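**Student:** Quick one, structure for this:
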Amino acid sequence: MRLKQVEVQRRKIFLWDQMISVTGSILASELIVVCGGLNGHVGTNVDGYDGVHGGYGFGERNADGERILEFCDAMELIVTNTGFKRQKNKLATYVSGGRVSATDYLLF
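**Tutor:** Numbers count the residues shown, from 1 in each chain. Next comes the predicted model:
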């Protein structure tokens, strides 16, 4: 793996470690809301993430999307974007230069 790729992976691991640390320290009686561009694709299929993925995602799941779903599963959160059906032209959160993706999520 090239040095830049190694650094990107190291930063991703650090981010998710921090996310787990912060959300894990919040009392169960408190509400956790995470939102923003998480740069992962959770895909359209639930594939074992019942209660986390609502079945209305976009595209194909990738490794970063898998991390998002694992995080939600561990922290008992839901990817709310996948919980309701949307019009096809409103599924993507990024469209540019022929690339179409959905990486902006609301975890609740």
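
**Student:** residue contacts, Ile97?
**Tutor:** Just to correct that, residue 97 is Gly rather than Ile. Applying CB atoms under 8 Å, 6 or more residues apart in numbering to Gly97 gives no contacts. Using the backbone N, CA and C atoms, a C-beta is placed for each residue, glycine as well.

**Student:** Tell me which residues of stretch 70-81 come out buried.
**Tutor:** Using 16 or more other CB atoms under 10 Å as the test for burial, stretch 70-81 gives Phe71, Cys72, Asp73, Met75, Leu77, Ile78, Val79, Asn81.

**Student:** Throw those residues into CSV and include secondary structure, pLDDT and distance to Asn62, thanks.
**Tutor:** Output for the buried residues of stretch 70-81, formatted as CSV (DSSP: H, G, I helix; E, B strand; the rest coil; pLDDT from 0 to 100; distance: CB to CB, whole Å):
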residue, secondary structure, pLDDT, distance to Asn62
Phe71, helix, 96, 14
Cys72, helix, 96, 16
Asp73, helix, 96, 17
Met75, helix, 93, 20
Leu77, coil, 96, 19
Ile78, coil, 96, 20
Val79, strand, 97, 14
Asn81, helix, 92, 16
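
**Student:** Can you tell me the element the residue most central in space within the chain falls in?
**Tutor:** Closest to where the C-alpha atoms of the chain average out (CA atoms, centre = their mean) is Ile68, at 3.7 Å. Assigned by DSSP states H and E, Ile68 belongs to helix 63-75.
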